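J.: Next one to model:
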Amino acid sequence: MKYLIGFILLSMLGCQKSEQKTIEPSKVIEKAIEFSGKSKLNENVLKFKFRDYSYKAMPTCEGLQFERLSITSPTRDVVKNGELTRFYQDSIVMLADTTAFSYYESVNSVHYFTQLPLRLEDAAVRPSYLGKEEINAKIYHKLKVKFTENDGGEDFEDAYIYWFDTSDFSMDFIAYSFLVNGGGLRFRKAINQRTIDGVVFQDYENYTPKKTSQKLEDLGQFWEKGDLELLSKIENENVILEPSALNCN
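T.: Numbering: from 1, shown residues only. Reported below is the predicted structural model:
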């Protein structure tokens, strides 16, 4: 009997490993983008408000252009082709390199999370499939994403974990590690999911580990056990999609 049980357990483990090998992360990403409708962001202008700024993402013939407009002053930050330009009214403001990079990181980060999972199709993305994981009695595809140095920007060493519902491919959880400002880990739970003009948008609860020994890959289980601390809420307001007049012919 014990040999039979051992054989069954080995067979189950073999099936799990086989399934893990056959699931292509690109296919999971493809289905997640399809569920989200985020491909429409390549052809439409996205506007939203986050905290003290109005944001705009617009397609151009050279790729997406990101903007941030202060609500309290006539300053506007424009990110295009990997560079940030700051305007005060209609005049360009000269910035020190470190200041410009800080603003770039801030603008790009807000837009990046709003664009997900669409940005997982970027050339710099290198996804790997980590298997399936259960969180809150749901089964998720678990993907890890790293970036190439050439196309991944200044933060190419950051790593991300994404959890996609196996039933509908919604992106319910995100975790990531970062090196800037001393480095650290974050875990985000999707909340307030809503569909606007066929595109799924969601806000997030933003958590930080209670212990420095916690690992990126384990943050889903730590969150379920209540071992993460709520740091903030990421809530985008007044989300609007507008048709783009772009014509690159």
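J.: what sits up against the longest strand seen in the chain?
T.: Of all the elements of type strand in the chain, the one with the most residues (DSSP state E) is strand 184-196. Strand 184-196 is contacted from outside by 37, 113, 170-178, 200-209, 214, 216, 219-220, 222-223, 228, 231, 233-235, 239-241, using C-beta atoms under 8 Å, 6 or more residues apart in numbering. C-beta: built from backbone N, CA, C; applies to glycine.
J.: show me what contacts the nearest residue to residue 214 once chain neighbours are set aside?
T.: In this structure, residue 214 finds its nearest non-sequential neighbour in residue 222, 5.6 Å apart by C-beta to C-beta, 6 or more residues apart in numbering. Applying C-beta under 8 Å, 6+ apart to residue 222 gives the contacts 187, 209, 214, 228.
J.: Doesn't the third one belong to a helix?
T.: No. Using DSSP: H, G, I helix; E, B strand; the rest coil, the secondary structure at residue 214 is coil, not a helix.
J.: burial measure for it, as a count.
T.: For residue 214, the tally of surrounding residues (other C-beta atoms under 10 Å) stands at 17.
J.: okay but it is in contact with residue 223, surely?
T.: No. No contact is recorded between residue 214 and residue 223 when judged using C-beta atoms under 8 Å, the distance being 10.1 Å.
J.: Distance from the helix or strand residue 114 falls within to the middle of the chain?
T.: Counting by DSSP states H and E, the element that carries residue 114 is helix 97-115. The gap between the average C-alpha position of helix 97-115 and the chain average comes to 13 Å, counting by C-alpha atoms, centre = their mean, to the nearest Å.
J.: and it, what does it pack onto?
T.: With contacts defined as 3 or more C-beta pairs under 8 Å, 6 or more residues apart in numbering; DSSP states H and E, the secondary structure elements packing on helix 97-115 are strand 44-50, strand 53-60, strand 63-70, strand 75-80, strand 83-88.
J.: and the angle from that helix to strand 53-60?
T.: 80 degrees (axes from the mean of the first three to the mean of the last three C-alpha atoms, to 10 degrees).
J.: what's the angle from helix 97-115 to strand 83-88?
T.: Computed by the same axes, to 10 degrees, the angle separating helix 97-115 from strand 83-88 equals 100 degrees.
J.: Next secondary structure element downstream of helix 97-115?
T.: Elements were assigned by DSSP H and E; along the chain past helix 97-115, the next helix or strand is strand 125-135.
J.: Pull up the pairing partners for that next one, direction included.
T.: Sheet partners assigned to strand 125-135 using DSSP bridges are listed as strand 138-147 (antiparallel).
J.: List the buried residues of the partner strand.
T.: For strand 138-147, a neighbour-count test (16 or more other C-beta atoms under 10 Å) marks 140-145, 147 as buried.
J.: Reformat the residues you listed as a markdown table; add distance to residue 131.
T.: Converted to a markdown table, the buried residues of strand 138-147 look like this (distance: C-beta to C-beta, whole Å):
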| residue | distance to residue 131 |
| --- | --- |
| 140 | 10 |
| 141 | 8 |
| 142 | 6 |
| 143 | 10 |
| 144 | 10 |
| 145 | 15 |
| 147 | 21 |
